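**Student:** attaching a predicted model along with its sequence, questions to come.
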Amino acid sequence: MADIATLTRLIEPEAKALGLDLVRVAMFGGKSDPTLQVMAERPDTRQLDIADCEALSRRISDVLDAEDPIEEAYRLEVSSPGIDRPLTRLQDFADWAGFDARIRLAEEINGRKQLDGRLNGIAEGTIEVTLAKSGEPFLFPFSSLASAKLLLTDALIKATAPLSTEGADRIIEKEA
């Protein structure tokens, strides 16, 4: 399997050159059907359109073809992080404060390895969450994070409405 740190070092400059922030680089599917997943976003909108995906995919393909860091054949998937996005960077926990998330820790902390709760933000590398069931605060270092993602809620849907509803307007006009 390919080294994610090496892939990230190759891919990140290509995203930056297009004005994009890299959200996640991951390999899925194992030896029989590997997929290289690259998630990126525009820092000002936190969204990515199809033209952005195409441009980034072309740039990544060129670099990966030249460097050849993945031994086996693989599929390249370039996408937006989506509405229930993964939280992969420390800053994500500050940026999405006030929203609900599901978090898995690498090791048990205070008897917990998985938690659901409201993100409260960060302070000096520590993430604070208000636990959904008890309402109690829970703090953990970013270094203990295994994975996290936003939970789909009405508040999240409202906050992440698309920048343009032009396509939806056209559909409505055609139906009328």
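**Tutor:** Alright, I've got the coordinates.
**Student:** burial of residue 27, as a residue count?
**Tutor:** 16 (other Cβ atoms under 10 Å). Glycine gets a C-beta too; all of them are placed from N, C-alpha and C.
**Student:** neighbouring strands for the helix or strand hosting it, and are they parallel or not?
**Tutor:** Counting by DSSP states H and E, the element that carries residue 27 is strand 21-28. Sheet pairing of strand 21-28 (DSSP bridges) gives strand 35-41 (antiparallel).
**Student:** buried residues in the partner strand?
**Tutor:** Applying a neighbour-count criterion of 16 or more other Cβ atoms under 10 Å, one finds 36, 38, 39, 40, 41 buried in strand 35-41.
**Student:** now swap in stretch 45-64 and tell me
**Tutor:** 46, 48, 52, 53, 55, 56, 57, 59, 60, 64.
**Student:** report the mean per-residue pLDDT for it.
**Tutor:** Confidence for stretch 45-64, expressed as mean pLDDT, is 93.
**Student:** on contacts alone, who are the packing partners of the longest strand along the chain?
**Tutor:** When secondary structure is assigned using DSSP state E, the longest strand within the chain turns out to be strand 112-123. Helices and strands in packing contact with strand 112-123 are listed as helix 90-95, strand 100-109, strand 126-131, strand 137-141; criterion 3 or more Cβ pairs under 8 Å, 6 or more residues apart in numbering; DSSP states H and E.
**Student:** rewinding a little: then the strand holding residue 27 to CSV, C-alphas only?
**Tutor:** Coordinates of the C-alpha atoms in strand 21-28 are reproduced here as CSV (Å, rounded to 0.1, in the frame of the first residue of the first chain):
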residue,chain,number,x,y,z
ASP,A,21,-7.0,23.4,0.6
LEU,A,22,-6.4,19.7,0.9
VAL,A,23,-8.8,18.0,3.4
ARG,A,24,-7.9,14.4,3.1
VAL,A,25,-5.7,11.9,1.2
ALA,A,26,-6.6,8.2,1.9
MET,A,27,-6.3,4.8,0.2
PHE,A,28,-9.3,2.5,0.4
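**Student:** can you tell me the closest non-neighbouring residue to residue 149?
**Tutor:** If you skip the residues right next to it in sequence, residue 149 has residue 86 as its closest partner in space, 4.9 Å away by Cβ to Cβ, 6 or more residues apart in numbering.
**Student:** contacts only, for that neighbour.
**Tutor:** In this structure, residue 86 makes contact with 23, 24, 39, 147, 148, 149, judged by Cβ atoms under 8 Å, 6 or more residues apart in numbering.
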